[in-house]
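Participant: prediction below, plus the sequence it came from.
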Amino acid sequence: MGNLPLLWILLLLTHLITGKHVSVAQGELLACKDSDREALLDFKKGLQDSENWLSSWKRSNCCCWWGIICDNTTGAVIAVDLRNPSDYDSFGSHRPGHNNFNSMLPNWIVNIRTLVFVGISSSGLYGRIPLGFSELPNLKSLDLNSNENLSASASQLFWGSRRKIEEIDFSINKLHGKLPASLGNTTSLIYLDLSNNVVKGGIPSSIERNSLQGPIPHSFGNLKCLSELRLETNKLSGSLPDSLGLRSELFALNVSSNEMSGVIPYTDHMMTSSASSFIGNPGLCGSPLTVKCLHGDPNYSVTTEADNANGFIDKWSCLSIGMGFAVSLLLPYLVFAIKRPWGDIYFSFSN
């Protein structure tokens, strides 16, 4: 009985945070939709579940299955999280690991329109992702990283408005083709990792170790929620948009090993981006690099620390000569003004 007040506090907090009522009298979750249950069972048939992760996928209510999360007011499946629990440490950080389901990503997944999260990383998936995957209207987070043989065209993955998507991790797969310019309008995007793929052409967003080329579009300034932007090891050129420096949410930017030039729009909120995030671009200058920018030239010019040191020496030399010349002119008059006899001695000595 002593724990009853705590239970009611937890229920109240759940109601306030989620806006959804959880009934103690219910005793169990709402039953999932039959169509969702059948689709999940069809998916299970094509898997090689050697670790027996899906042993709970036998009960009538799929909301009770491992890796499945349902809306607690409608019973609709809203999340499929089949990531290996050993892949993540106690802080939620990813660690190497595999499920080895050795299966194609099923077509049924595009029919569950209520999906908010899909996580099937490091699971041995292969083949092409289903058509219409990008049209899931409520999808906010997609994690299919490290499947290696899972392929998709960039236009297929990002076709559609995608106005609700916040996180996409399709790294270490076989994403190919050109990314659509509309990706720059995905203003809700917080995290995007498409590293280690074969994306080519122009770039509308953050991808490392591909073959991207051309400038970074100014529309990136519209990605108001983006907190990390990784573009290293590509063939990007041109200057960094000033709008990137104005995004207070962007705390990490990496454009190392490209062909960029101009002034780095570095601001205080980007303190996690060290000089290593900008090296490998001979034309870049400004903090946090030691390469300084010379002002006044519209095309900018750069000078190294050594050049600055030489300039300092030159200025000091000119100043010393000027001061010496001024002292030689003023000293006789100062001596004469202080004391006339000493002035006479000075002029006698001079003669």
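Facilitator: The structure has been received and is ready for your questions.
Participant: quick one: low-confidence parts of the protein?
Facilitator: Along the chain, the parts satisfying pLDDT under 70 run over 1-29, 85-99, 159-163, 181-185, 187, 200-213, 217, 219-224, 268-272, 295-351.
Participant: how is it carved up into domains?
Facilitator: 30-308, 317-350 (automatic domain parsing).
Participant: counting neighbours, what do you get for residue 241?
Facilitator: 18 (other Cβ atoms under 10 Å). C-beta coordinates here come from the backbone N, C-alpha and C atoms, glycine included.
Participant: for stretch 110-126, buried residues please.
Facilitator: 110, 112, 114-126 (16 or more other Cβ atoms under 10 Å).
Participant: which of these fall within helices?
Facilitator: Secondary structure of the buried residues of stretch 110-126 is defined by DSSP state H; no position falls in helices.
Participant: which members of the residues you listed occur in strands, if any?
Facilitator: 117-119, 126 (DSSP state E).
Participant: nearest to residue 34 among those residues?
Facilitator: Of all these, residue 34 sits closest to residue 118, with 20.7 Å by Cβ to Cβ.
Participant: how about the closest one, what does it touch?
Facilitator: Residue 118 sits next to 79-80, 109, 139, 141-144 when contact means Cβ atoms under 8 Å, 6 or more residues apart in numbering.
Participant: tell me the most packed of those, by neighbour count.
Facilitator: In these, the most neighbours by other Cβ under 10 Å go to residue 144, 25 neighbours.
Participant: now the contacts of residue 118 as TSV including distance to residue 214?
Facilitator: Formatted as TSV, the entries for the contacts of residue 118 read as follows, by distance: Cβ to Cβ, whole Å:
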residue	distance to residue 214
79	37
80	36
109	34
139	29
141	29
142	26
143	28
144	27
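Participant: so how far is residue 256 from residue 81?
Facilitator: 33 Å (Cβ to Cβ, to the nearest Å).
Participant: looking at these two, which one has more neighbours?
Facilitator: Between residue 81 and residue 256, counted using other Cβ under 10 Å, the more crowded position is residue 256 (20 against 16).
Participant: in this structure the more buried one contacts residue 276, no?
Facilitator: Yes. With contact taken as Cβ atoms under 8 Å, residue 256 and residue 276 are classed as touching, separated by 6.4 Å.
Participant: helices of the stretch 101-250 of the chain, start to end?
Facilitator: With DSSP state H, counting those that start in this stretch as the criterion, the stretch 101-250 of the chain has helices at 154-157, 242-246.
Participant: pick the most deeply packed of those helices.
Facilitator: Ranked by mean neighbour count, the helices of the stretch 101-250 of the chain are led by helix 154-157 with a mean of 20 (mean count of other Cβ atoms under 10 Å).
Participant: who does that helix touch, helix- and strand-wise?
Facilitator: Applying 3 or more Cβ pairs under 8 Å, 6 or more residues apart in numbering; DSSP states H and E, one finds that helix 154-157 makes contact with strand 174-177.
Participant: output the contacting helices and strands for the strand it packs on.
Facilitator: By contact count (3+ Cβ pairs under 8 Å, 6+ apart), the secondary structure elements abutting strand 174-177 are strand 149-153, helix 154-157, strand 198-201.
Participant: and that strand, which strands flank it?
Facilitator: strand 149-153 (parallel), strand 198-201 (parallel) (DSSP bridges).
Participant: possible to save the ones you listed as a markdown table with distance to residue 250 and mean neighbour count?
Facilitator: Compiled in a markdown table, the strands paired with strand 174-177 are given as follows (distance: least, Cβ to Cβ, whole Å; neighbours: other Cβ atoms under 10 Å):
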| stretch | distance to residue 250 | mean neighbour count |
| --- | --- | --- |
| strand 149-153 | 27 | 19 |
| strand 198-201 | 21 | 16 |
